[in-house]
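Enquirer: pasted the sequence and its predicted model underneath.
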Amino acid sequence: MTAIDARQPIVRTDYGMLHFEEVFKTHFKELHSYACTLVKDDMVAEEMVQQVFFRIWEKKEQLSIHSSATAYLYRSVYHECLNYLKHQKVKTAYQVYAKTTADTGTGSAAQKIQLSELQQHLNKALNELPEQCRTIFQMSRYEELKYQEIADRLGLSIKTIENQMGKALRILREKLKDFLPLLLLILLNL
């Protein structure tokens, strides 16, 4: 087999798994080192790179890369690490908030019950969204991806992403309309 050309697609149908494996072996070490510089954790970096390759293999039929394979891989690892770091930041902030609340006893029991009830209704409403609509909403709101990034990952047009987000927001507003005043009160009291 020949050396990997940076302009070649990552998954080629004429080689299939063999070509993909060669790309993996060729780029894994350098991508892992790059991810380590971003997340500062060897195990997490390895997981990030593996996740990128897993997604590429999973979406190989819909994947359309308009740059070199190497550039695409680096950009994908960067976004994967960025999403991880954002998630960690939110997780840490929540842990600090939870500890502070537990330590100081702030937040009435009624407020905690209301917040829990709101979370249950939000989860229920999200689960009732059509699958594609829910996936796009979660990528936008929880992973904080831009519409273009979502479109690239899912192989859809930006217009489709915009339409699905509009649909998700309309459905969620309707399903949670009774809880919007409660949400505002909770947020203003925090």
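Expert: Good, I have the coordinates.

Enquirer: on contacts alone, who are the packing partners of whichever helix in the chain runs longest?
Expert: Longest helix of the chain, by residue count under DSSP state H: helix 69-104. Judged by 3 or more Cβ pairs under 8 Å, 6 or more residues apart in numbering; DSSP states H and E, helix 69-104 is in contact with helix 17-39, helix 42-58. Every residue, glycine included, has its C-beta placed from N, CA and C.

Enquirer: give the buried residues for it.
Expert: Residues of helix 69-104 classed as buried by neighbour count (16 or more other Cβ atoms under 10 Å): 69-70, 72-74, 76-84.

Enquirer: if we can go back for a sec, dump the helices and strands packed on helix 69-104 to TSV, plus mean neighbour count and distance to Ser64.
Expert: Below are the helices and strands packed on helix 69-104 laid out as TSV (neighbours: other Cβ atoms under 10 Å; distance: least, Cβ to Cβ, whole Å):
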stretch	mean neighbour count	distance to Ser64
helix 17-39	16	16
helix 42-58	17	12
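
Enquirer: quick check, Val52 in contact with Arg75.
Expert: No: Val52 is beyond contact range of Arg75, at 9.6 Å (criterion: Cβ atoms under 8 Å).

Enquirer: what residue spans form the domains of this structure?
Expert: Split into domains by automatic domain parsing, the chain comes to 1-105, 107-190.

Enquirer: how far off centre is the longest one?
Expert: Pointing back at domain 1-105 there. 11 Å (Cα atoms, centre = their mean, to the nearest Å).

Enquirer: and for the last one?
Expert: Its chain's C-alpha centre lies 14 Å from the corresponding centre of domain 107-190 when counted by Cα atoms, centre = their mean.

Enquirer: which residues of the protein score low on pLDDT?
Expert: Counting by pLDDT under 70, the chain shows low-confidence ranges at 1-16, 97-98, 100-108, 110-111, 114, 180-190.

Enquirer: nearest residue to the middle of the protein?
Expert: Glu143 (3.8 Å; Cα atoms, centre = their mean).

Enquirer: you'd agree that one is up against Leu82?
Expert: No: using Cβ under 8 Å, Glu143 is not in contact with Leu82; the gap is 9.4 Å.

Enquirer: out of the helices and strands packed on helix 69-104, nearest to Gln120?
Expert: Closest approach to Gln120 among the helices and strands packed on helix 69-104 (Cβ to Cβ): helix 42-58, 29.5 Å.
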